[in-house]
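In: got a predicted structure here, sequence first:
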Amino acid sequence: MTIKVEDTLFSNRYVVDSGRAHIKVKPHTIPSPALLALTRVCPAHCYELNDRGQVEVIADGCLECGTCRIICQDSQDIEWNYPRGGFGVLFKFG
């Protein structure tokens, strides 16, 4: 039996800290190559281009994997903090 990644991710639970996102994209007019990369490599697809051509984040389904932190380490295009206690992803195993 083959299990899809999407099915596994669907079993996780998220406690959203409304109004206090743990990831913020810094203001920009033209997205850097690092920000554009996030729209393709984020495993939870949290980053997307808006209608103005800017990258924005919807962190509600963030896996807290750190991919975006590594990609934007040099460019510092994002601000990333751990979610407050009791918020964020709850991984379900089994």
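Out: Yep, that arrived. Since the model is a prediction, treat every value here as computed from it, not as a measurement. Numbers count the residues shown, from 1 in each chain.

In: pretty sure Lys24 sits in a strand.
Out: Yes: counting by DSSP: H, G, I helix; E, B strand; the rest coil, Lys24 is found in a strand.

In: and the strands in this protein, which stretches?
Out: Using DSSP state E, the strands of the chain run over residues 13-15, 23-25, 47-49, 55-57, 78-80, 88-90.

In: what pairs with the second one, parallel or antiparallel?
Out: By that I understand strand 23-25. Here strand 23-25 is paired, per DSSP bridges, with strand 78-80 (antiparallel).

In: chain center to the strand it pairs with, what's the gap?
Out: Relative to the centre of its chain, strand 78-80 is centred 10 Å away, using Cα atoms, centre = their mean, to the nearest Å.

In: just stretch 77-90 next, same as before
Out: With Cα atoms, centre = their mean, you get 10 Å for stretch 77-90.

In: cool, and stretch 25-32?
Out: So, by Cα atoms, centre = their mean, the centroid of stretch 25-32 is 16 Å from its chain's centroid.

In: now what about it, what contacts it?
Out: The contact list for stretch 25-32, computed with Cβ atoms under 8 Å, 6 or more residues apart in numbering, reads 35, 47, 49, 53-57, 75-79. For every residue, glycine as well, the C-beta is placed using N, CA and C.
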